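Asker: would you be able to build a 3D model of this:
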Amino acid sequence: MFESLSEKIQETFRNLSRKGRLSETDVQATLREVRLALLEADVNYRVVKDFTKAIEQRAVGADVARSLTPAQAVIKIVNEELVRLLGDPAKLDLGGEPPAVIMLAGLQGSGKTTMASKLALHLKEKGQRPLLVAADTYRPAAIAQLETLGKQVGVDVHSEGDKVAPPKICANALKRANKEGYTVVLLDTAGRLQIDEDMMAELEKVRDVAKPREVLLVVDAMTGQEAVAVAETFNKRIHLTGLILTKVDGDARGGAALSVRAVTGVPIKFMGVGERPSDLEVFYPDRLASRILGMGDMLTLIEKAESAFSEEEAKKIEKKMRTATFTLEDFADQLKTMRKMGSVSDLLGMMPGMNQVTKQVSQEDMDKSLGVVQAIVNSMTREERRNPKIIDGSRKRRIAKGSGTQVFQVNQLLRQFQQMQQMMKQMSSGKGRGLMSMLR
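Answerer: All right, here's what the predicted structure looks like:
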């Protein structure tokens with residue numbers, strides 16, 4: 001979502017880094033470029049004005065002037081102000097006597113029902129026992145959609161059809177939760193195409209009946225400045241405790257994420273980053289700021305890896321790499337697991353300095369290359385994957401035919417794997433102990 005904004009800001013900083021000492025004119029020129037980049041990204045004008053003013057007050061000060069690397073000092077200031085703009089990290093309030101009630105609100109089409117199931121899965125993986133409540137009785141098929149999503153993520157759904165009033169449905173769901181031992185109740189309330197009085201009045205009734213600890217507004221990141229106005233209206237009427245941004249993986253310019261928290265003062269708690277049930281990220285301001293400035297996001301990458309790889313699997317692979325017994329069969333298994341973590345370009349974008357690679361090679365090309373590698377390995381027999389040395393000319397032709405590739409592509413993969421094995425042997429023999437100690 002922030003690709004265009006990130007690219008423009010990073011280009012501005014690259015130009016700044018080529019300079020030695022910075023004059024006030026240099027700083028002003030840089031801030032002008034940052035201001036334009038933010039406005040083009042559809043960030044609220046007042047937010048841009050306050051943001052750049054705060055940077056200017058710090059950047060023209062003595063700290064930057066005395067710095068041995070003034071350009072880096074300015075970038076540091078921008079990063080700190082960006083984190084401040086995005087707010088402090090905010091956790092869900094699940095304390096007190098269970099069940100904890102979480103009320104989801106939002107306009108129709110914001111992805112609220114899908115987000116309810118994602119949040120339910122997230123809480124289930126954290127050890128909670130959630131109950132989804134189908135309180136949207138107006139949108140066609142909304143109840144059926146939530147029931148289907150609930151089955152996908154393995155979470156029970158409380159529904160009473162579309163003839164019972166939503167406040168009554170929520171009250172009955174709470175009675176069931178108390179009786180059956182659910183720890184969290186997620187209310188999927190009705191949305192409208194536009195904000196109207198009836199909608200708000202009903203949400204107020206649901207809030208009064210359910211007494212939620214969290215009232216989360218689901219905001220479509222694609223809506224830009226409209227998201228700010230929507231958030232302000234909802235906050236005035238039902239007193240929001242947090243925001244969830246959906247469709248962050250889309251091609252929105254990113255202005256909503258940078259504006260909505262600053263204008264409303266309501267913290268962003270989650271981001272929907274894809275279509276899969278697991279594509280939900282806890283919102284960390286410092287990590288998002290780091291991504292925008294092209295400095296990567298290793299903590300999120302590590303968390304994704306930890307969720308995809310069990311501790312036992314990680315130890316097993318580490319041992320094989322340390323003893324140089326890592327095979328193509330292991331490699332094929334790791335490819336499958338890695339693809340569960342998300343697209344290759346997204347993963348590379350989280351690595352410091354790798355954002356330029358994602359610009360040079362499209363996500364489609366990356367995924368295609370990964371698919372070719374997996375097809376070649378899958379076309380091998382188990383014996384060939386475990387001992388690639390037995391793969392002669394006739395076997396290569398068979399593998400190429402079976403994977404829909406060319407013999408030279410098979411040769412290329414085998415050569416790269418051989419180089420990787422040689423590197424592992426060097427590390428296991430003592431030449432790479434420094435790196436191996438990091439793996440342990």
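Asker: then A177 would be within a strand, right?
Answerer: No. A177: not assigned to a strand; according to DSSP: H, G, I helix; E, B strand; the rest coil it is helix.
Asker: what sits against it?
Answerer: Residues near A177 by CB atoms under 8 Å, 6 or more residues apart in numbering: P99, L131, V185. The C-beta positions use only the backbone N, C-alpha and C, and glycine is treated the same way.
Asker: excluding chain neighbours, what is closest to the first one?
Answerer: Think P99. A177 (4.4 Å; CB to CB, 6 or more residues apart in numbering).
Asker: could you check the pLDDT of the residue nearest to N44 when sequence neighbours are not counted?
Answerer: Distance criterion CB to CB, 6+ apart; nearest residue to N44, sequence neighbours excluded, is S259 at 3.9 Å. We have a pLDDT of 82 for S259.
Asker: pull up the gap between S259 and V230, please.
Answerer: Distance, S259 to V230, by CB to CB, to the nearest Å: 12 Å.
Asker: ok, back up a step: what's the closest of the contacts of A177 to A37?
Answerer: A37 has its nearest neighbour among these in V185, at 42.2 Å by CB to CB.
Asker: what are the bridge partners for that closest one, then?
Answerer: V101, L131 (DSSP bridges).
Asker: for T381, phi and psi?
Answerer: phi -80, psi 170 (degrees, to the nearest 10).
Asker: where does the stretch 201-350 of the chain have low pLDDT?
Answerer: 224, 249-254, 257, 291, 294-311, 313-315, 317-318, 321-324, 334-350 (pLDDT under 70).
Asker: just the strands in the protein please.
Answerer: Taking DSSP state E, the strands of the chain run over residues 100-105, 130-135, 156-158, 184-189, 214-220, 242-246, 268-272, 280-282.
Asker: any chance of the ones you listed in TSV, with distance to N79 and mean neighbour count too?
Answerer: Putting the strands of the chain into TSV (distance: least, CB to CB, whole Å; neighbours: other CB atoms under 10 Å) gives the following:
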stretch	distance to N79	mean neighbour count
strand 100-105	32	25
strand 130-135	36	28
strand 156-158	43	21
strand 184-189	35	28
strand 214-220	24	25
strand 242-246	20	26
strand 268-272	18	23
strand 280-282	19	18
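Asker: nearest to D26, of the ones you listed?
Answerer: Across the strands of the chain, D26 has its closest neighbour in strand 268-272 (33.0 Å, CB to CB).
Asker: check which helices and strands that closest one sits against.
Answerer: helix 112-125, strand 242-246, helix 255-264, strand 280-282 (3 or more CB pairs under 8 Å, 6 or more residues apart in numbering; DSSP states H and E).
Asker: distance to A54 for those - can I get that in CSV?
Answerer: Compiled in CSV, these are given as follows (distance: least, CB to CB, whole Å):
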stretch, distance to A54
helix 112-125, 32
strand 242-246, 22
helix 255-264, 11
strand 280-282, 26
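Asker: which residues touch the nearest residue to D50 once chain neighbours are set aside?
Answerer: Nearest residue to D50, sequence neighbours excluded (CB to CB, 6+ apart): A262, at 7.7 Å. By CB under 8 Å, 6+ apart, the residues touching A262 are N44, V47, D50, L85, G87.
Asker: nearest to R385, out of the helices and strands packed on strand 268-272?
Answerer: Closest of the helices and strands packed on strand 268-272 to R385 is helix 112-125, at 32.0 Å (criterion: CB to CB).
Asker: quick check: buried residues in that closest one?
Answerer: Using 16 or more other CB atoms under 10 Å as the test for burial, helix 112-125 gives 112-124.
Asker: which strands and helices sit next to that helix?
Answerer: Partner elements for helix 112-125 (3+ CB pairs under 8 Å, 6+ apart): strand 100-105, strand 130-135, helix 142-153, strand 184-189, strand 242-246, strand 268-272, strand 280-282.
Asker: what pairs with the last one, and is each one parallel or antiparallel?
Answerer: Read that as strand 280-282. Per DSSP bridges, strand 280-282 is paired in its sheet with strand 268-272 (antiparallel).
Asker: chain center to the longest helix seen in the chain, what's the gap?
Answerer: In the chain, assigned by DSSP state H, the helix with the most residues is helix 407-428. Between the centre of helix 407-428 and the centre of its chain there are 33 Å (CA atoms, centre = their mean, to the nearest Å).
Asker: and if you look at stretch 262-280?
Answerer: 8 Å.
Asker: got a list of what L85 touches?
Answerer: V47, F51, L258, R261, A262.
Asker: now the contacts of A262: which count as buried?
Answerer: The buried subset of the contacts of A262 - by 16+ other CB under 10 Å - is N44, V47, L85, G87.
Asker: which ones among these lie within helices?
Answerer: When the buried ones among the contacts of A262 are checked against helices (DSSP H), the matches are V47, L85.
Asker: of the buried ones among the contacts of A262, which pair is most distant in space?
Answerer: Maximum pairwise distance among the buried ones among the contacts of A262 (CB to CB): 14.5 Å, between N44 and G87.
Asker: related to what we said a few turns ago, mind putting the helices and strands packed on helix 112-125 into JSON lines with distance to V218?
Answerer: Putting the helices and strands packed on helix 112-125 into JSON lines (distance: least, CB to CB, whole Å) gives the following:
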{"stretch": "strand 100-105", "distance to V218": "6"}
{"stretch": "strand 130-135", "distance to V218": "14"}
{"stretch": "helix 142-153", "distance to V218": "14"}
{"stretch": "strand 184-189", "distance to V218": "10"}
{"stretch": "strand 242-246", "distance to V218": "5"}
{"stretch": "strand 268-272", "distance to V218": "8"}
{"stretch": "strand 280-282", "distance to V218": "12"}
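Asker: gap between the spatially closest residue to R213 that is not a sequence neighbour and F331?
Answerer: Take R213 and drop its neighbours on the chain: the residue closest to it by CB to CB, 6+ apart is D93, 4.6 Å away. Distance, D93 to F331, using CB to CB: 44 Å.
Asker: what about these two, which has more around it?
Answerer: Neighbour count, other CB atoms under 10 Å: between D93 and F331, F331 has more, with 17 against 13.
Asker: how many residues are close by K151?
Answerer: Using other CB under 10 Å, K151 has 12 neighbouring residues.
Asker: kindly report the same for D162.
Answerer: Applying other CB under 10 Å, we find 15 residues neighbouring D162.
Asker: who touches it in this structure?
Answerer: With contacts defined as CB under 8 Å, 6+ apart, D162 is in contact with T137, Y138, I143.
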